[in-house]
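Enquirer: sequence isn't available, so here's the structure alone:
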DNA sequence: ATATCCAGCTAATCCGAATTAGCATACTAG
DNA sequence: CTAGTATGCTAATTCGGATTAGCTGGATAT
């Protein structure tokens, strides 16, 4: 049915070894006669030979496949990051399995299982749900792993993240320049690293502007709770005239709950942001760069475990 | 480094064959003594044995991987479909590579190449860019292939699509029930199958309501051209009081160009549609079902080529 | 004439598991 | 006492290609 090297060899009265040498482009190294090499190539084309990735993978101990776990593929941040990562992976001859975990522990663990069974060679994680036992096992097994967007305490692997502190400062400075003094902050749970950093960034940036970071609310990482928390910020005086929302769900909460004259700046860019009921300024991640760097780090980890350094990338403010 | 069956066998003074029989759960069939089987299982656990998917794949001639080509992963329709497909694939022990083609011929061809090299066992396509030569080759090679959302003329493989005609009828009937008589239609290029069917559906549904489907515009499948075409519908009298947009880009075009009092119904659901400046009623695909059925058909094609029938699924109207 | 060298190729093994065919040993039946 | 049978396991091969080690036959050198 399918054509193997052996078939080409038999067809030409040569050995499989010779065919392999030629088709791997190592004819010079093994002193294959130029005319023989040509015959092999011609026969390969004529018979429609396609090398079996399956056989090569076994021999190389490589699946030539990476995986990235993203919490929510419908979120354009993750979709964009995944697409960029896929491009980069393919540039290096790897496939990328983009896995939507739906923020579920079960799915994150399933991906680790794929790594163990060598269905994938390495993993890009943005997990926040793994338990200490999972992390301990990861540390023990030392498989190629890179974290993106969210770091995990106590897991010493390379990571690629956006500079949260710098991002929040961009937002605060922008709002202050527009005359705002009462700036509110809508943050997420502190067990997620970026939320911790963004809150710290808010405090720092406000202090730098001689303002008090007093108007704050915190919500679980979902639109409903975020809207609820945002509403609280407007119940009592002093009310903020502007809100900084710590991620996409906080932003959506703020959009739902804040009065129309309140200005909103949200971390994470939003799909169709220019079609929203009100203008929304966003702190955008360097999405492509995050994806590309994550793959580069991961491939470096595969080639030379423990060799690579973490990367922090600068966000940019999209004023609308 | 990694533990193989051979290591377990040596450790217990058994043969690799016996270990294989036990770990594949075929001890009864090969009359392995219960205590021997138990020793094997214990040793496997103790040594941390993980079967090599690479070796199994070669032996089975299966990559246990499928791929789906989607034009735009940032589009929540495709993201949702891909996630559902991934779920279904994993239920059957397969990985799913979700490939964002960016509507590029180059990328679609690259996926076909993966199929040929057996890096993936089958392909779910929604391609519209392949050339006749590509299609001819696909027909000749007869590899497992399923089309989703977009069918391709002259390529006789199973497909899973949403019933476009029924969808447009839902929209027309909804608008008529709300009192609209001047209903406009914003469509896409006719070389894409769903656009053809939706236009036909519009004509049919309008005829059924005794209305003339005269107010129409056509644009290339992108937001800019769509907005431009939508604007044309409002230049001359009679102007439509409502617009049906044939897909997500047409909808965005209509949102940008139509006066605020014009009611819009769009084919394809939109992320955060409830946050838009104006209420948007949509004709939503049964996204999960599309993804699930596509994988089921594909696995059926892999198991029994030529065995499966195409599927047409019903859309539903989300009134906002 | 014999050793040396080189061009040009091949045999054999490996990767890790799945699978087919079959070999001892002990026991039962006639 | 011998044939037949069941039990419990193993040897050998296969999947398709990569790789290492080495073989052969003619030309050149001494």
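Expert: Great, that's in hand. What you are looking at is a predicted structure, and each value in this text was computed from that prediction instead of being measured.
Enquirer: now residue A:95. Nearest residue, chain neighbours left out?
Expert: Take residue A:95 and drop its neighbours on the chain: the residue closest to it by CB to CB, 6 or more residues apart in numbering or on different chains is residue A:65, 4.6 Å away. For every residue, glycine as well, the C-beta is placed using N, CA and C.
Enquirer: likewise for residue A:129?
Expert: Computed as CB to CB, 6+ apart, the closest residue to residue A:129 that is not its neighbour in sequence is residue A:105, at 4.2 Å.
Enquirer: hmm, the one you found is touching residue A:131, no?
Expert: Yes. Here residue A:105 reaches residue A:131: they are 7.3 Å apart, a contact under CB atoms under 8 Å.
Enquirer: just want to know which of the two has more residues nearby.
Expert: residue A:105 (14 against 11; other CB atoms under 10 Å in any protein chain shown).
Enquirer: for residue A:19, see how far away the more buried one is.
Expert: 49 Å (CB to CB, to the nearest Å).
Enquirer: try residue A:295
Expert: From residue A:295 over to residue A:19 the distance is 33 Å, taken as CB to CB.
Enquirer: and the residue of the stretch 101-250 of chain A found nearest DNA strand C, what are its phi and psi?
Expert: Closest residue of the stretch 101-250 of chain A to DNA strand C, CB to the nearest atom of the strand: residue A:118 (8.7 Å). Residue A:118 has phi and psi values of phi 60, psi 30 when expressed as degrees, to the nearest 10.
Enquirer: show me what contacts it?
Expert: Counting by CB atoms under 8 Å, 6 or more residues apart in numbering or on different chains, residue A:118 makes contact with A:61, A:63, B:50, B:52-54.
Enquirer: and of those residues, the nearest to residue B:227?
Expert: Closest approach between the contacts of residue A:118 and residue B:227, by CB to CB: residue A:63, at 44.5 Å.
Enquirer: is that closest one in a helix, a strand, or coil?
Expert: Three-state call for residue A:63 (DSSP: H, G, I helix; E, B strand; the rest coil): coil.
Enquirer: would you map the helices across chain A?
Expert: Under the criterion DSSP state H, chain A contains helices at A:5-12, A:16-23, A:34-47, A:53-60, A:76-91, A:105-116, A:132-141, A:164-177, A:193-208, A:223-232, A:248-257, A:287-303.
Enquirer: of these, which stretch is the most buried?
Expert: helix A:248-257 (a mean of 25; mean count of other CB atoms under 10 Å in any protein chain shown).
Enquirer: which residues sit against that one?
Expert: With CB under 8 Å, 6+ apart as the test, helix A:248-257 has contacts from A:75, A:77, A:186-188, A:219, A:221-231, A:233-234, A:243, A:245, A:264, A:266-268, A:270, A:276-278, A:280, A:282, B:272, B:275.
Enquirer: close to DNA strand C, is stretch A:15-24?
Expert: Yes. Part of stretch A:15-24 sits near DNA strand C under the criterion CB under 7 Å from any atom of the strand, namely A:15-18, A:21.
Enquirer: next, format those as CSV and append pLDDT.
Expert: Shown next, in CSV, are the residues of stretch A:15-24 next to DNA strand C (pLDDT from 0 to 100):
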residue, pLDDT
A:15, 92
A:16, 94
A:17, 93
A:18, 94
A:21, 94
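Enquirer: for those, which one is nearest residue B:146?
Expert: Looking across the residues of stretch A:15-24 next to DNA strand C and measuring by CB to CB, the closest to residue B:146 is residue A:16, at 35.3 Å.
Enquirer: any idea how many residues pack against the closest residue to residue A:147 other than its chain neighbours?
Expert: Nearest residue to residue A:147, sequence neighbours excluded (CB to CB, 6+ apart): residue A:159, at 3.9 Å. Using other CB under 10 Å, the number of residues around residue A:159 comes to 26.
Enquirer: residue A:159 against residue A:308, yeah?
Expert: No. Counting by CB under 8 Å, residue A:159 stays clear of residue A:308, with 10.0 Å between them.
Enquirer: from residue A:154, how far out is residue A:308?
Expert: 19 Å.
Enquirer: more neighbours: which of these two?
Expert: Of the pair residue A:308 and residue A:154, residue A:308 is the one with more neighbours under other CB under 10 Å, namely 19 against 9.
Enquirer: list phi and psi for the more buried one.
Expert: Given degrees, to the nearest 10, the pair of backbone angles that residue A:308 has is phi -100, psi 160.
Enquirer: who are the neighbours in contact with it?
Expert: Here residue A:308 is in contact with A:158, A:297, A:300-301 (criterion: CB under 8 Å, 6+ apart).
Enquirer: just put the residues you listed in a markdown table and tack on distance to residue A:87.
Expert: Converted to a markdown table, these look like this (distance: CB to CB, whole Å):
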| residue | distance to residue A:87 |
| --- | --- |
| A:158 | 20 |
| A:297 | 15 |
| A:300 | 17 |
| A:301 | 19 |
